[in-house]
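> need coordinates for the below:
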Amino acid sequence: MPNKIPSSDFDFIVIGGGSGGYAAARTAHTLGMSVAVVDGAPELGGLCILRGCMPSKTLIESADRNLTVRRAAEFGLTAAAGPANIEFIRDRKRTLIADFASYRQEQLEDGRFTLYRGRANFISAHEIEIIPIDGTASFRLAGKTFCIATGSIANVPPIPGLAEIGYWTSDDVLDAPTLPRSIAVLGGGAIALEMAHYLEGVGCEVILIQRNHQFLTGVDSECSEVIEKAYTNRGIRCFLNTKLNRVTQDGPQKRIEYLWQDSRHSIVVDQILVAMGRSPATAGLELHKAHVGLTGGKIVTRPTLQSSQSHIFAAGDVCSPLDVVHIAIQQG
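Sure, this is the predicted structure:
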């Protein structure tokens, strides 16, 4: 006999209150469904608002202004670029992002949905356990349908010595009050290139080390060639088609050993930024208990965004082929 579906507390339960999750909850509410949103992050807002495209563009604007000052002579102007006030740039970013985040929080708390602040994991295909972030006792909820929209986390590959020596991710760069004099950016995707642009633009010495033979893997190689030429002209050293061997301590600095052009190389920098893509944030959801299928860590979905369980949907980075906020919103 099939498993009995428990009496539902909600028509629709969304796990994750970011851009994709909010879009799903909003849409379900307009259809007359009773909706719960479960979000266990320390702050409400989601990746794009708090640690993604919005804060990165805020920092990049400061870098762009500084680059304009550097190029003043090309336009017959006289201007001198002084040292960037990184703490001021960080605080400006915090002010702007707080405005967006507070608006998203208001949207989630305006009464259309029941908001639960806690981490969720599946107990069965129709039940989840919620562990509140305030430390109170866990409890269960049942739903007729679900949407998983928990986003993604920084991918950190197992490079020998990296974990022991320490590293930054984009989260650290976005909220740093000071920056190192020199930094090696590991990766060649959109996040790596944005961070390299910002860091060099405000005065850091930047080295880009990419495993693939081009930047922006999967995009036309001409794009990579243009970026490499432009970055090289700015003084960013670019190493493509490399193999990272290990990371070691070199006094107060960090040494990266890698293969490039069939020979061994090493560089010494003050900090390492790991920007080698992102992984879907599905750990801890206990998806196997709901019989939700995964491939490469991502939730397998049909064109309708239904998972292997027809009543469990997914949206955003947990299932999308491209980790782009506009796609997450559309999927939600």
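
> which ones are touching the closest residue to residue 163 other than its chain neighbours?
Distances taken as CB to CB, 6 or more residues apart in numbering put residue 156 closest to residue 163, at 7.8 Å, once the chain neighbours are dropped. For the C-beta atoms, the positions are set from N, CA and C on the backbone; glycine is no exception. The contact partners of residue 156, by CB atoms under 8 Å, 6 or more residues apart in numbering, come to 162, 163, 167, 169, 274, 276.

> return the distance of residue 156 relative to residue 54.
23 Å (CB to CB, to the nearest Å).

> equivalent analysis for residue 183, please.
According to CB to CB, residue 183 stands 22 Å off from residue 54.

> one more: residue 174?
When residue 174 is compared with residue 54 (using CB to CB), they lie 10 Å apart.

> what of residue 324?
Distance of residue 324 to residue 54, computed by CB to CB: 13 Å.

> and for residue 170?
Distance from residue 170 to residue 54, by CB to CB: 13 Å.

> with neighbour numbers in mind, choose between those two.
residue 170 (23 against 20; other CB atoms under 10 Å).

> would you check that the more buried one makes contact with residue 196?
No: the criterion here is CB atoms under 8 Å, and residue 170 misses it with residue 196 at 11.1 Å.

> who touches both of those two?
Common neighbours of residue 170 and residue 196, counting by CB under 8 Å, 6+ apart, are absent.

> got the buried residues for the lowest-mean-pLDDT helix or strand in the chain?
One helix or strand of the chain scores below all others by mean pLDDT, DSSP states H and E: helix 47-51, with a mean of 92. Going by neighbour count (16 or more other CB atoms under 10 Å), the buried part of helix 47-51 is 47, 48, 49, 50, 51.

> also stretch 17-34?
Within stretch 17-34, judged by 16+ other CB under 10 Å, the buried ones are 17, 18, 19, 20, 21, 22, 23, 24, 25, 26, 28, 34.

> just the ones in helices from those residues, please.
19, 20, 21, 22, 23, 24, 25, 26, 28 (DSSP state H).

> surely the fourth one and residue 107 touch.
By that I understand residue 22. Yes: the criterion here is CB under 8 Å, and residue 22 meets it with residue 107 at 6.4 Å.

> who touches the residue lying closest to residue 301 once chain neighbours are set aside in this structure?
Distance criterion CB to CB, 6+ apart; nearest residue to residue 301, sequence neighbours excluded, is residue 319 at 4.7 Å. If a contact means CB under 8 Å, 6+ apart, then residue 319 has 148, 280, 298, 299, 300, 301, 305, 307, 331 as its contacts.

> who wins on neighbours among the residues you listed?
Ranked by neighbours (other CB under 10 Å), the contacts of residue 319 are led by residue 148, which has 31 neighbours.

> spatially, what comes nearest to that one if we skip its sequence neighbours?
Spatial nearest neighbour of residue 148, excluding adjacent residues (CB to CB, 6+ apart): residue 314 at 4.7 Å.
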